[in-house]
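Visitor: what's the 3D shape of this:
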Amino acid sequence: GDGVTFYVAEGTYYPVYDYNMNRANGKDATFTVNSDVTIKGGYPANAKKGSVSDPKNHPTVFSGDFMNDDEIVWYSQNSDTLVYFKNSEDDCFRLFTVKPSVKNLSFAYNGDPICVFDEEDVNNSFVLDGVTLTGSSMSMFGVGQNLTVTITNSNLEKIGNFYLLQNNPSLIIDHCNLKHCNMGQMIDAKQLQISNSYIEKCFGNLYVYTTDGNRSAVTIESVSISHNYSSFEIINSDVTVRNLLWKDSYQGRAFALRLDCSSRFENCQFLNNSFGYLIDHASNRDLKLSECEFSNNKCSSYMFSGTSLELNNCYFDSNTTSILSNQGHDEGSSTVVSNCTFLNNRCESHLFLNMVTPFYFQNNTVVKNKANYLFTVNNPKVLNNTIVGNSVAGSVLQSLIKDEELDASELIGNIILGNGTQLSEIGYDNLPVIKTEKNKIQYNIMPIIRIDYQDEEENDNTTWIPEDNTNAFVRPFDLGKNESNKCKACTSAYPDFEE
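Guide: Numbering: from 1, shown residues only. Predicted coordinates for the structure are as follows:
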């Protein structure tokens, strides 16, 4: 009935009826609940009124694994790790089906009757508290106006995904443990909230997206994700992530997070993961990260994409990847990196590749990284940074300017020493880009700058000293590099200097 709370004793419970309350077993069986029902588990068999729920010592299990033989099988294929349920053919298809209050209309989904509503404002809810869910292709299925499903103080293990569809559904998962679960999807969702929970060895993708023009509110807070093989894809939403720990996870060549939405990350850690790319971010949305740590991750492509990125007070240590790859442009977008530390990172190409949007890099420390290029960026504003002791094969800073009117680069107050190479500028259409009046190169300690021109008729390796006595220029090898570490390109660029 509607508005009922069930207090369920310890034990394992199997569904024996189908959606229409006909006797059933196997895939057709499901626990069907009406609107505004709460199920609380964790009580002893002899519980009395006033007894306190204790799920750890008195587990209440809802299972669709009738044979109690489900297994999780992991295997490798084409360098990817894959997973599937074994012996799940006889499990029920949907463990729980939420049946909201009916208002006039109904229709079928995959052959089963599912309730929908007329235009009245109807709110529906279903709460699971202190239970264990296991053994089903789908843990939760619901279609309803403003349906809110809350799962709290519970365990989900060896179970399929949840489907909450249409009409502003909400899912709240709090103080739960998810293990060996196939993630699910929410369509036209109003809210997804995951908090104070552990997600371990899960697989499949979690999709949250809207098709009705509204935006979902997605909040992930105080969640630990480990040994995970699933991705999160969130579209047309507003995302807030706080105190997330994502570690020891693998997604092959795919992404960990794909975000076509405005997103905020605070106090998060990504440790010892292997992905194609960490966050694939839509170019017309803001992605802001603060007080986050990224250590010992390996990305075959890059860590971040997108044209509007802000990193503040973040720490990057011993990652094997490019930090940013951005080759698009949106009006008003920019990349802003401030108060960050980049230490012992390795990449085969560019540490930062930002080819179109303005690039702001301020008050950062960049030490002992290895890359062909540290920065290949557009319209850079590089202010008050320490860029020392990196192993750079090509150039520390390449400024890509194709239009002299747009060239307003700033290189001010930096220490740029001991990187095995020098700074350079790439000019297009014979523009001596670093000499334009809009540029400011002041108060730096750094090597002399080399200018390259793309036109073959121009001479390469042209050195230039700004007509400004505020900079302290040093020889390429003033930090005591030995003979074997000298860069031939550097010495050829500075023929007037003695070694």
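
Visitor: Past the helix or strand that contains Tyr7, which element shows up next along the chain?
Guide: Using DSSP states H and E, Tyr7 sits within strand 5-9. Next helix or strand after strand 5-9 toward the C-terminus (DSSP H and E): strand 11-13.

Visitor: Need the residues that contact that next one.
Guide: Under the criterion CB atoms under 8 Å, 6 or more residues apart in numbering, residues Ala45, Thr60, Val61, Phe62, Ser63 lie in contact with strand 11-13. For glycine as for every other residue, the C-beta is placed from the backbone atoms N, C-alpha and C.

Visitor: how many neighbours does Phe304 have?
Guide: The burial count assigned to Phe304 is 23, neighbours taken as other CB atoms under 10 Å.

Visitor: what do you get for Cys92?
Guide: Using other CB under 10 Å, Cys92 is surrounded by 27 other residues.

Visitor: contacting residues around it?
Guide: For Cys92, the contacting residues are Pro15, Gly26, Lys27, Asp28, Ala29, Thr30, Gly64, Phe66, Gly135, Ser136, Ser137, by CB under 8 Å, 6+ apart.

Visitor: Keeping just the C-alphas, turn the strand holding Tyr7 into CSV.
Guide: Listed next in CSV are the C-alpha coordinates belonging to strand 5-9 (Å, rounded to 0.1, in the frame of the first residue of the first chain):
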residue,chain,number,x,y,z
THR,A,5,6.9,1.2,6.2
PHE,A,6,8.0,-2.5,6.4
TYR,A,7,10.4,-3.6,9.1
VAL,A,8,12.1,-6.8,7.7
ALA,A,9,13.9,-9.4,9.8
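
Visitor: heads up, I number from 13, so please use that
Guide: From this message on, residue numbering opens at 13, which makes the last subject strand 17-21.

Visitor: and it, which strands flank it?
Guide: Counting by DSSP bridges, the strands paired with strand 17-21 are strand 49-55 (parallel).

Visitor: any idea how far Pro56 lies from Thr24?
Guide: Distance, Pro56 to Thr24, by CB to CB, to the nearest Å: 15 Å.

Visitor: Turn the contacts of Cys104 into JSON lines, columns for distance to Cys214.
Guide: Formatted as JSON lines, those follow (distance: CB to CB, whole Å):
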{"residue": "Pro27", "distance to Cys214": "23"}
{"residue": "Gly38", "distance to Cys214": "25"}
{"residue": "Lys39", "distance to Cys214": "23"}
{"residue": "Asp40", "distance to Cys214": "26"}
{"residue": "Ala41", "distance to Cys214": "25"}
{"residue": "Thr42", "distance to Cys214": "22"}
{"residue": "Gly76", "distance to Cys214": "18"}
{"residue": "Phe78", "distance to Cys214": "23"}
{"residue": "Gly147", "distance to Cys214": "16"}
{"residue": "Ser148", "distance to Cys214": "15"}
{"residue": "Ser149", "distance to Cys214": "15"}
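
Visitor: Pull the most distant pair out of those.
Guide: Largest separation among the contacts of Cys104 by CB to CB: Asp40 and Gly147, giving 14.9 Å.

Visitor: Include pLDDT and distance to Asn32 when you put the contacts of strand 23-25 into CSV, please.
Guide: Shown next, in CSV, are the contacts of strand 23-25 (pLDDT from 0 to 100; distance: CB to CB, whole Å):
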residue, pLDDT, distance to Asn32
Ala57, 90, 31
Thr72, 94, 26
Val73, 93, 25
Phe74, 91, 20
Ser75, 89, 22
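
Visitor: Narrow these to those that are buried.
Guide: Buried members of the contacts of strand 23-25, counted by 16 or more other CB atoms under 10 Å: Thr72, Val73, Phe74, Ser75.

Visitor: mind listing which of the residues you listed are in strands?
Guide: Thr72, Val73, Phe74, Ser75 (DSSP state E).

Visitor: The third one against Arg106, yeah?
Guide: Pointing back at Phe74 there. No - judged on CB atoms under 8 Å, Phe74 makes no contact with Arg106 at a distance of 11.7 Å.
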